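>>> output the structure for:
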Amino acid sequence: MVSTIKFVITSLLLCASVPAQEQPRQLKGGGHLLGETAEQFYSEGYIGDLLRACQAKDWKTVSHISQNTDHSSKNNAKDICETATLAKEQAMSGARQEYKGSGDKETRRADTFTFDRGHLVKIDMVYSTTSVEFEGFHPKSFGELLEGLKEAYGAPTKFYTEPVQNAYGVKSDAQRAVWMGKDDVIMLIEQPGANGWTELVAQTLAEYNRAAQAPKTVNPLQ
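Numbers count the residues shown, from 1 in each chain. Now for the predicted structure:
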């Protein structure tokens, strides 16, 4: 009987049957599966709970879910619902759209989901790093994420460094790792420095190629 392997690493999930090359891997980040429909996305997790509260006109729950500081403001809760409902309608219509997720406070992670033609084509998770330690916060470093990804997916297809420059003109070498799959691509990107970050991206191969073919923007600091 074919066994199933499940490995969870920093909100990125791989579910692969053995032998792995016979079945495309499944990538899940921020609670959502790469390639899932917009309808499925907006019916699950944080956004699903929010929209159900909106439909029930439960403004208190809307404020609580959205972490709205003005819990007494019914109008503010309505605005939140209108924005979320419009985002769902646009994504389901097939329009290209980005949606900012709830992220994860403990690891200082911010999530962005990209939709195109009614499907989730990119999951972008950015972990903010800092040299100062705060109680209750455990940001993930590039090294931690790299080791976890290597354990889950093996050695990266490509690993390299490239020179970068921050807003203050400080230059450094930043690490990059790429795992190329048959239908998807995982990228790990480092921005060194005291206020740096590490970006973990899971995207469809079509989305990766689309970005590769887009005109490159010039960094005015370089």
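
>>> what is the burial count for the nearest residue to residue 24 once chain neighbours are set aside?
The shortest distance from residue 24 to any residue other than its chain neighbours is 4.9 Å, reached at residue 183 (C-beta to C-beta, 6 or more residues apart in numbering). Just so you know, the C-beta spots here come from the backbone N, C-alpha and C atoms, and that holds for glycine as well. Applying other C-beta atoms under 10 Å, we find 13 residues neighbouring residue 183.

>>> go on, residue 124?
Counted with other C-beta under 10 Å, residues neighbouring residue 124 total 21.

>>> can you confirm it is in a strand?
Yes. Applying DSSP: H, G, I helix; E, B strand; the rest coil, one finds residue 124 inside a strand.

>>> returning to what we had before: per-residue confidence for the residue nearest to residue 24?
At residue 183, the pLDDT value in this model is 94.

>>> residues in contact with it?
For residue 183, the contacting residues are 24, 204, 205, by C-beta atoms under 8 Å, 6 or more residues apart in numbering.

>>> contacting residues for the spatially most central residue of the chain?
Most central residue of the chain, judged by C-alpha distance to the mean C-alpha position with C-alpha atoms, centre = their mean, is residue 124 at 2.9 Å. Each residue near residue 124 by C-beta under 8 Å, 6+ apart is listed here: 111, 112, 113, 114, 199, 200, 201.

>>> return the members of the residues you listed classed as buried.
For those, burial is judged from neighbour counts taken by 16 or more other C-beta atoms under 10 Å, and it is met by 111, 112, 113, 114, 199, 200, 201.
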